[in-house]
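S.K.: Structural data only, the sequence is not supplied:
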């Protein structure tokens, strides 16, 4: 009992030590000196800002009008609605960069403490628990991919579920099982590949426990039942939403070839021993790793930080000796984790091993994700457990015996690996850049050897606290130097100023002024931020204007096929035109209400089909040009006539029926109530009296029956009521919504109801209703396309006009701005358009 008490006290001190190290290593972000860049800002900062603004304005965050013409935010696995971010959003109406960074880094703190608790439950030495926490929080992808906020959250909840599942199985505790289910549910509720792999690790733990015999199986039933109940309660409805949404997007599945392009190159494993071998961290070295042009850049598609797997010199040394040299990695206590560690390594290598094809074909869910290299998160987590155990046994083994042979083996392996790294550099002509990181690695391994020597020499007299302090000092310093802030994980906050609600950015302020409308106006103009930089596409979520495009890998396929979208629109060359949206001078741009287009280059360099007068230059800011489309339609309008059309054929052919959109609405089926197809002009008063995220209210007064057209994207989870009576929402004009209304004054209310809508959609998929014979008449086919072929992709732009990252981001990454020395063209030539003939 006294021994357990002493270990409990030592673990509390070790936890305090870990919190102190976490604070020191995270201080650059916590202080606001730097911020977590790229996805953490361009995507997730905007998501949290949207969530906070919705909650503090009394609105639901379940639908997002601000990107891609509208999107079911409740079903987006990256919306953060079902994550602890909602607590931050509830507390702070406008979360700062610092607050969001602290929220992200806090996951690593919680995950590290969970790893310590796992080690404590197994009565491992406190120094081993502390080492496991440090490696988990600051090793491999935990440090290098901190900008991937969703995956960091999944990793933290995995650590909690890992600890609690092990405790529930070990103690037969239903309470631990319940908490494990909650943690696992929160890990899975916004699914990504880290969560998927985490589920397989947890399942393997359960199966391993069952192999202990029938008594072990019986004792696990209550904990597992509690875990299953809690987990299902958390994930059932959100996963239904996500499944239905993903099935309707542009990327419901990834083929094995595309997934293989996200594989971890075997050469990247050298970074486990030589931290910055390829120059991913050194701003003075051009990155020359496997995902650069020095290798075959077409073969793999990963960012330079995704291949970094450095856990620290001491952890790497322990894995070699005594882990391999004495076979301790095969000890019964950690054998399952060793096997899982190897499996994650094979999974991460993807196409470079024959095993990945089996993983892809046999494991459910793998085909939904594109990067096997995401397994590096689990490699770090499982490596942390193994390192913690190896240090524990080194410090507590009674009959340890001579350790010199082990140290000699470790030294030989390290020398061989350093030589291998230098050989790779020599073959690629980068030996000059490799000497410094190799020498740095040698220095840290010498320090690690000295630490092990000291622990072995004085392990009998060295108390747990002293051992923990020694390990913390060396490993903490190692990870701070080699995995600390760098251009992949820490940039100046000023680069992302456009994502601050109070930004003084001239383009943002001008757009907000231009789109402002008086109360009741039927207009709600859309904008397009055309290649303004990586940080711009989701700016509408922060500032409240509606962007036709955005930044998200999941986009509704119907909208994407019609309008032309990609994951992002960081550069003008990323604008994808389609048959139905071949130019900004097109019918679909008008229906969208796309009135303003902001671009860093003259619009004629992007859309070469434009002619003089098609768009008007209305503003010229420091960031570029703002053009107006004067033909943009209001968000809500009333029309008297209708005509059926084949929307799929229209998207393929790019040809609209010859109708006046102010008089006739196109429908994919006949309306419920018979009305004239082509009446004369109808005078009507349309007022949009309310426009919230999930509620739109329109008052209409018309002399005759017709249709209220709402130029928001049609989605099956929206419902409509006319004067309090539910009515059908018709799909109109390819993408939009229409409701049939009788003559007179009426109030039309659109409401987003994701529970009712998703359950109805699911029911229709499981047990679809048979159509009545009269309803089976096919809609008339669109006339064949005539005239010149429509360009389906964006025209090639001169290299000098392409704008990827914005100017500040270019400067931070040392990329020369892609424009002539003279900057933007003078205002008189800004349109860049040929005269109309």
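M.R.: Received, thanks. Quick caveat: nothing in here was measured; it's all calculated off a predicted structure.

S.K.: Help me confirm that residue 596 comes into contact with residue 625.
M.R.: No: counting by C-beta atoms under 8 Å, residue 596 sits too far from residue 625 to count as a contact (10.5 Å). Every residue, glycine included, has its C-beta placed from N, CA and C.

S.K.: Between these two, which has more neighbouring residues?
M.R.: Taking neighbours as other C-beta atoms under 10 Å, residue 596 and residue 625 compare with residue 625 leading, 25 against 22.

S.K.: Is the more buried one within a helix or a strand, and which one?
M.R.: Using DSSP states H and E, residue 625 falls within strand 624-628.

S.K.: swap in residue 17?
M.R.: Using DSSP H and E, residue 17 sits in helix 2-30.

S.K.: Contacts for whichever helix or strand comes after that helix, please.
M.R.: Proceeding N to C from helix 2-30, the next assigned helix or strand is helix 39, under DSSP H and E. Contacting residues not belonging to helix 39 are listed as 147-149 [C-beta atoms under 8 Å, 6 or more residues apart in numbering].

S.K.: go on, stretch 504-511?
M.R.: By C-beta under 8 Å, 6+ apart, stretch 504-511 touches 497-498, 503, 527, 532, 539, 543, 545, 596, 598, 619, 621-624, 626.

S.K.: Filter those down to the ones in strands?
M.R.: Counted as lying in strands by DSSP state E, out of these, are 527, 596, 598, 619, 621, 624, 626.

S.K.: Compile those into JSON lines and extend it with columns for pLDDT.
M.R.: Formatted as JSON lines, those follow (pLDDT from 0 to 100):
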{"residue": "527", "pLDDT": "98"}
{"residue": "596", "pLDDT": "98"}
{"residue": "598", "pLDDT": "98"}
{"residue": "619", "pLDDT": "97"}
{"residue": "621", "pLDDT": "97"}
{"residue": "624", "pLDDT": "96"}
{"residue": "626", "pLDDT": "98"}
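
S.K.: Is it possible to get CSV of these that adds distance to residue 263?
M.R.: Output for these, formatted as CSV (distance: C-beta to C-beta, whole Å):
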residue, distance to residue 263
527, 38
596, 42
598, 38
619, 46
621, 43
624, 38
626, 42
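
S.K.: just to revisit the earlier point, which of the contacts of helix 39 fall in helices?
M.R.: residue 149 (DSSP state H).

S.K.: Pick the one among the contacts of helix 39 closest to residue 729.
M.R.: Comparing the contacts of helix 39 against residue 729 with C-beta to C-beta places residue 149 closest, at 34.5 Å.

S.K.: thought that closest one was touching residue 42?
M.R.: No: Residue 149 lies out of contact with residue 42 (C-beta under 8 Å); the separation is 11.1 Å.

S.K.: sorry, back to before: please indicate which of the contacts of stretch 504-511 has the highest neighbour count?
M.R.: residue 539 (30 neighbours).

S.K.: For it, give me its contacts.
M.R.: 46, 498-499, 508, 529, 547.

S.K.: per-residue confidence for it?
M.R.: Per-residue confidence for residue 539 comes out at a pLDDT of 98.

S.K.: ok, now residue 834?
M.R.: Model confidence at residue 834 (pLDDT) stands at 50.

S.K.: about what we covered before: would you turn the contacts of residue 539 into a markdown table with pLDDT?
M.R.: Formatted as a markdown table, those follow (pLDDT from 0 to 100):
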| residue | pLDDT |
| --- | --- |
| 46 | 97 |
| 498 | 98 |
| 499 | 98 |
| 508 | 98 |
| 529 | 97 |
| 547 | 97 |
